[in-house]
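K.L.:
Predicted model, plus sequence, below.
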Amino acid sequence: MANAKIRTKRGSILIDYLLTMMIVSMMIPIVVMALSVLTDCLQQQSIIQDMIASYQLRRILALSYDPFIEGDTLYFTYRTTQMRLSKVNSHIILQPGTQIMYTNVDACSFLQDESGIWVVYERDDQETKEILTKQ
């Protein structure tokens, strides 16, 4: 009789482990899906931040005058202060001061044509072109 109880306990422990493994294996796809949603949210956050930065730059440049491009830097006068927009390290920064406009940028340049002034920046091997001013 005592041997039957020991076997039952051993069998129940094995069944408990198997049930635990089955539940964990069912949860793995749910965790993977949650991580993919989180990754998508982080990418959307970068896009939204870029849209906000572009809007702020357009507003500042609309109130500015005498914009010109020299090398990879955009110079303009805003409220009697000579400002510049350029890439410093991996950010596009508005100076004087250190207002970061775009982050994690690999390359940056400015273009001026008959339609206006454009910022072209590269991030993660993807090039983005945003218009800053219209003429």
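P.N.:
Everything's here; your move.

K.L.:
May I have stretch 36-52 exported as CSV, CA atoms only?
P.N.:
The C-alpha coordinates for stretch 36-52 follow below in CSV (Å, rounded to 0.1, in the frame of the first residue of the first chain):
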residue,chain,number,x,y,z
SER,A,36,6.6,42.5,-32.3
VAL,A,37,3.8,45.0,-31.4
LEU,A,38,6.3,46.8,-29.1
THR,A,39,8.8,47.0,-31.9
ASP,A,40,6.3,48.5,-34.2
CYS,A,41,5.3,51.1,-31.6
LEU,A,42,8.9,52.1,-31.1
GLN,A,43,9.3,52.6,-34.9
GLN,A,44,6.1,54.7,-35.0
GLN,A,45,7.5,56.8,-32.1
SER,A,46,10.5,57.7,-34.3
ILE,A,47,8.2,58.7,-37.2
ILE,A,48,6.1,60.9,-34.9
GLN,A,49,9.1,62.6,-33.4
ASP,A,50,10.4,63.4,-36.9
MET,A,51,7.0,64.9,-37.8
ILE,A,52,7.1,67.1,-34.7
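
K.L.:
And that stretch, what's buried?
P.N.:
Neighbour-count burial for stretch 36-52 flags D50 (criterion: 16 or more other C-beta atoms under 10 Å). For glycine as for every other residue, the C-beta is placed from the backbone atoms N, C-alpha and C.

K.L.:
Run the chain-centre distance for it.
P.N.:
Centroid displacement of stretch 36-52 relative to its chain, using C-alpha atoms, centre = their mean, to the nearest Å, is 5 Å.

K.L.:
contact partners of that stretch?
P.N.:
Residues external to stretch 36-52 that are found in contact with it (C-beta atoms under 8 Å, 6 or more residues apart in numbering): Y102, T103, N104, R123, T128, E130.

K.L.:
which SS class is the most centrally placed residue in the chain?
P.N.:
Per C-alpha atoms, centre = their mean, the C-alpha nearest to the average position across the chain is that of S46, at 2.6 Å. Classification of S46 by DSSP: H, G, I helix; E, B strand; the rest coil places it in helix.

K.L.:
Where does the prediction get shaky in this protein?
P.N.:
Where the chain drops to pLDDT under 70, the residues are 1-11.
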